[in-house]
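J.: Turn this into a model:
(chains A and B, ligands or ions: 2)
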Amino acid sequence: MASMDLVLYEEEIHLLEEVLQRLRHDSNARAVFLIDKYGQQMASEGEIENFDTTSLASLTAGNVAATDSLARLIGEREFSVLFHEGERDHIHISIVGKRAILLVIFDERSSLGLVRLRVKRASGEFDKIFETMAEKAVAGAPRPGSAPTPFSEITDDDIDALFSD
Amino acid sequence: MTFINYAAKEINCKIVYYGPGLGGKTTNLQYIYSKTSPEAKGKMISLATETDRTLFFDFLPLDLGTIRGFTTRFHLYTVPGQVFYDASRKLILKGADGVIFVADSQKERMESNVESIRNLETNLKQHGLDLAVLPYALQFNKRDLANAMPTDELYRVLNYKREPTFEAIAPNGKGVFDTLKSVAKQILVELRKR
Ligand SMILES: Nc1nc2c(ncn2[C@@H]2O[C@H](COP(=O)(O)OP(=O)(O)O)[C@@H](O)[C@H]2O)c(=O)[nH]1
Ligand SMILES: [Mg+2]
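T.: Numbering: from 1, shown residues only, chains lettered A, B, ... in the order given. Ligands and ions are numbered 1, 2, ... in the order given. Okay, the predicted model is just below:
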């Protein structure tokens, strides 16, 4: 079960954020989010303060999970892109690096064509970052800040303190 | 699937409330939501039918405070209980760090409880998860009803691995936080082992 855990270190987050920043800028999007398939937000850029990011992450993951199942029902492996069109704002959702979801929120300052184009380029870059992460995890190479984990030291008192009130 | 973010200094864990339809899963979350201070919770999302039956899931993000400098956040989900929503239930179990089974204490719901635990075991397996080792608690809900079965009898039939059990009356909160704490603690203890 432990192998399913997702651990992100600062250097990796920064790499992901760089790609997100560029994507948001080049696509003229309002905001861009990288979300884990299980519903946790990994990184974001843009007008984040205007959105309930936790809810966005959970609902996006639910949406993708439901759509993936739909795809399999009709014999597709997945629908790699989802697009929701609103009156003003639109949502573009795509899968990157197998386990992450890229969410782009944009309005009339951008266009679906532009978003598509920029997302494609960013996806390649995310794939590379995720591949490197996976290789590192397999190699078990020592990484800055990785050892020892702060959680091996958790005491019963620490845990009880969480529930004290 | 615990998500540890060293940059944001956050631990995120997922707890799923499972059990037969109308057992009180959504009510557990509603009570937790009503008793948590605004800074410690996000929005509660309920994807429900017009008649308030859970359609896809309820979702409640909860901050429990910090541990070793890391914000400890739990994402609580409930599943739709009706048998025909099995595909949705499976999706929500994905990546669960712990499960709370909300059993309906009423005698006539016994068979549904048993069937739902079996379904839980099967669906977990499909995600490569094993109920035998997963952080888990069993809640006997609806203790206020006249037709509630004795708890020792419920325990005999429903306990899976001598997991912690809690009597509950979800609408007034009895047992609700104790159940949550039990599983949250088990998850954090798991984390320590890694
Ligand atoms: N009497 C009583 N009613 C309860 C209790 N817990 C839940 N209910 C009621 O049972 C119904 C179904 O609860 P709900 O939380 O929607 O069940 P879910 O399908 O498991 O999410 C609601 O009308 C609740 O108010 C309880 O402990 N006692
Ligand atoms: Mg419900």
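J.: From now on I want contacts and neighbour counts done on CA atoms only, so please keep to that.
T.: Fine.
J.: quick one: A:Ser44 and A:Ala31 touch, right?
T.: Yes. Between A:Ser44 and A:Ala31 there is a contact under C-alpha atoms under 8 Å: 7.4 Å.
J.: what's the residue nearest the centre of chain B in contact with, if anything?
T.: Among the residues of chain B, B:Tyr17 comes closest to the average C-alpha position under C-alpha atoms, centre = their mean, at 2.3 Å. B:Tyr17 sits next to B:25, B:76-79, B:99-102 when contact means C-alpha atoms under 8 Å, 6 or more residues apart in numbering or on different chains.
J.: give me that answer again for 7 Å
T.: Residues in contact with B:Tyr17 (C-alpha atoms under 7 Å, 6 or more residues apart in numbering or on different chains) are B:25, B:77-79, B:99-102.
J.: do the helix or strand where it lies and ligand 2 meet at all?
T.: B:Tyr17 is part of strand B:10-18 when elements are defined by DSSP states H and E. No. Residues of strand B:10-18 contacting ligand 2 under C-alpha under 5 Å from the ion: none, with a closest distance of 9.2 Å.
J.: which parts of that strand are buried?
T.: Neighbour counts over strand B:10-18 (16 or more other C-alpha atoms under 10 Å in any protein chain shown) mark B:10-18 as buried.
J.: Check whether that strand comes near ligand 1.
T.: No. Applying C-alpha under 6 Å from any ligand atom, one finds strand B:10-18 out of contact with ligand 1, separated by at least 7.7 Å.
J.: what mean pLDDT does that strand have?
T.: Averaged over strand B:10-18, pLDDT sits at 94.
J.: From ligand 1, how far off is the closest residue in space to B:Arg73 that isn't next to it in sequence?
T.: Closest residue to B:Arg73 apart from its sequence neighbours, by C-alpha to C-alpha, 6 or more residues apart in numbering or on different chains: B:Asp63 at 4.4 Å. Distance, B:Asp63 to ligand 1, using C-alpha to the nearest ligand atom, to the nearest Å: 22 Å.
J.: Can you classify B:Asp63 as helix, strand or coil?
T.: Three-state call for B:Asp63 (DSSP: H, G, I helix; E, B strand; the rest coil): strand.
J.: Look up the pLDDT of it for me, please.
T.: Note on B:Asp63: pLDDT of 91.
J.: how about the helices in chain B?
T.: Taking DSSP state H as the criterion, chain B carries its helices at B:25-35, B:86-93, B:110-126, B:151-158, B:176-193.
J.: next one: chain A
T.: A:10-27, A:53-73, A:112-139, A:156-162.
J.: tell me which residues in the longest one are buried?
T.: For helix A:112-139, a neighbour-count test (16+ other C-alpha under 10 Å) marks A:112, A:115-116, A:118-119, A:122-123, A:125-126, A:129-130, A:133 as buried.
J.: In TSV: those residues, plus distance to A:Asp52 and pLDDT.
T.: Output for the buried residues of helix A:112-139, formatted as TSV (distance: C-alpha to C-alpha, whole Å; pLDDT from 0 to 100):
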residue	distance to A:Asp52	pLDDT
A:Leu112	23	96
A:Val115	22	97
A:Arg116	24	96
A:Arg118	24	97
A:Val119	22	97
A:Ala122	24	96
A:Ser123	24	95
A:Glu125	27	95
A:Phe126	24	95
A:Ile129	27	92
A:Phe130	26	91
A:Met133	28	84
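J.: What is the neighbour count of B:Asn172?
T.: Look at B:Asn172: counted by other C-alpha atoms under 10 Å in any protein chain shown, it has 11 neighbours.
J.: For burial, what's the neighbour tally of the nearest residue to it once chain neighbours are set aside?
T.: Of all residues not flanking B:Asn172 in the chain, B:Tyr31 sits nearest, at 7.5 Å (C-alpha to C-alpha, 6+ apart). B:Tyr31 has 17 neighbours, counted by other C-alpha under 10 Å.
J.: Identify the residue nearest A:Val104 in space, chain neighbours excluded?
T.: A:Val32 (4.5 Å).
J.: Pick out the residue in chain A sitting closest to ligand 2.
T.: Among the residues of chain A, A:Gly62 lies closest to ligand 2, at 16.1 Å counting by C-alpha to the ion.
J.: which residues touch the closest residue to that residue other than its chain neighbours?
T.: Spatial nearest neighbour of A:Gly62, chain neighbours left out: A:Gly39 (7.3 Å); criterion: C-alpha to C-alpha, 6+ apart. A:Gly39 sits next to A:57-58, A:61 when contact means C-alpha under 7 Å, 6+ apart.
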